[in-house]
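# Kindly return the folded structure for what I paste below:
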Amino acid sequence: MINVSIRTDLYYVGNIYDLDKLIRILRETYGRRLQGYKYYGGKVTWGEINGISDLPLSVEDYVEPGLYRLREGYRFRHSSVSPKLFLLPSKQIYIVESNDFSQAKVLDYNVSIQYVLFGIKPCDLNAINVLDRMIGEKNPVYAHRRRSISAIIVEECLEPNNNCFCGVMNSGPFVEKDFDIAYARLDDKRVIFKYGSSFGRDVLSKLELRIAGEKEVYEYLEKTKLARERTSAVFKKSMKEIQESLMNKARDKELWLKISENCVGCGNCNFVCPTCFCLEFDYSINGEDQGVKIANWTGCLLYSYGQVAGGHFRPELYTRYRHFILHKFVFYPRQIERLGCVGCGRCITWCPMSIDLRECVNNAISG
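This next block holds a predicted model:
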């Protein structure tokens, strides 16, 4: 056990059925609508949570580079979707222009509804913080949806999967701030809860949970400590050294050609990344002869991303892959003083060529 002095009364213990009570209280007592990871049709998607049957409580994800499988278990970490799908949908309608050239902004949901993000992961929470700083009020769709979120419930990961490296990115696998309620499954029966706001404390008080015992708190802390250590032993250098090395070697064409040799430019990493936010605008005419301005997700790995009226500013694939890495590890910190990667490992899991970002970074700084 780890030797620390801690207030055990800040932690509460229940079971998975208390999650159902929590959902019901948020929906019925507070009138909130819940969005989160939803188990449906044998896969984990993103959608509205109405009860415990919607939660991925009896499955876990087994991953390797280029591999994702759901199997029986109780340690679900994440799927290809993230809260980005709610905050910045893959297709967004911005403006509809009528024949008389009048314009009207279109919002695709009721802005008066208050949402709760339920069961998101610590890396997801940090990804939202990154998007807040990068996008904020600049994108009206993101801004409206972000303001509709009234509370955040986080499920902490006590056993990260093989592709997780949130520890070294300081984005998990537990949370310490910017949340209302966090819970973690000590095993397939016991759930430990903690609050991060006055709203979270009030909600938990309605669950009538028991205060955690000292052994349970120490068990939780030991598991978070081991999970943090497991997801931190990734890179060969410190983050400051990584950033300096990446910039020093940014012009080494042969190095980046070697690192990106297996990349096919499909953009999967961009689309599953919870912090990638690039959009491509399209203008079309709908069935009512109205002009419609629509934004769709795009990504810096796609060939079309670098095409502009005057030509193409990144025609070679190695330059696009280099930009992807530099953007996450160097450019984001310079823009918003936060890393653009949260260590969720999705780009590793959903790469059809099994490219491991961790290996690429290590090869770049040691090559």
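
# any weak-confidence spans in the stretch 1-150 of the chain?
Judged by pLDDT under 70, the stretch 1-150 of the chain has its weakly predicted residues at 1-9, 103, 105-111.

# One more pass at 80, please.
1-9, 98-112 (pLDDT under 80).

# Now for the residue lying closest to residue 33 once chain neighbours are set aside: which residues touch it?
Leaving aside its chain neighbours, residue 33 sits nearest to residue 115 (5.3 Å; criterion: Cβ to Cβ, 6 or more residues apart in numbering). Quick note: C-beta positions are derived from backbone N, CA and C, even for glycine. Neighbouring residues of residue 115 by Cβ atoms under 8 Å, 6 or more residues apart in numbering: 32, 33, 34, 35, 86, 148, 149, 150.

# Show the residue spans covered by the strands in the stretch 201-350 of the chain.
210-211, 279-285, 291-297, 307-308, 311-312 (DSSP state E, counting those that start in this stretch).

# hey, which of the ones you listed is tucked in deepest?
Of the strands of the stretch 201-350 of the chain, the one with the most neighbours on average (mean count of other Cβ atoms under 10 Å) is strand 291-297, at a mean of 17.

# quick check: angle from that one to strand 279-285?
Angle of strand 291-297 versus strand 279-285, following axes from the mean of the first three to the mean of the last three Cα atoms, to 10 degrees, is 150 degrees.

# Residues contacting strand 291-297, please?
Under Cβ under 8 Å, 6+ apart, the answer for strand 291-297 is 90-97, 141, 270-271, 276, 278-286.

# Which strands or helices does the biggest helix by length in the chain pack on?
For the chain, the helix with the greatest residue count under DSSP state H is helix 214-230. Helices and strands touching helix 214-230, as assessed by 3 or more Cβ pairs under 8 Å, 6 or more residues apart in numbering; DSSP states H and E, comprise strand 11-15, strand 181-185, strand 190-195.

# quick one, that helix and strand 181-185 angle?
Per the same axes, to 10 degrees, the angle that helix 214-230 makes with strand 181-185 is 90 degrees.

# Please identify the buried residues of helix 214-230?
216, 217, 218, 219, 220, 221, 223, 224, 227, 228, 230 (16 or more other Cβ atoms under 10 Å).

# What of stretch 313-330?
314, 317-330.

# Give me the residue at the spatial middle of this protein.
The residue lying closest to the centre of the chain (Cα atoms, centre = their mean) is residue 124, at 3.0 Å.

# how many other residues sit next to the residue nearest to residue 22 when sequence neighbours are not counted?
The shortest distance from residue 22 to any residue other than its chain neighbours is 6.2 Å, reached at residue 207 (Cβ to Cβ, 6+ apart). By the criterion of other Cβ atoms under 10 Å, residue 207 has 15 neighbours.
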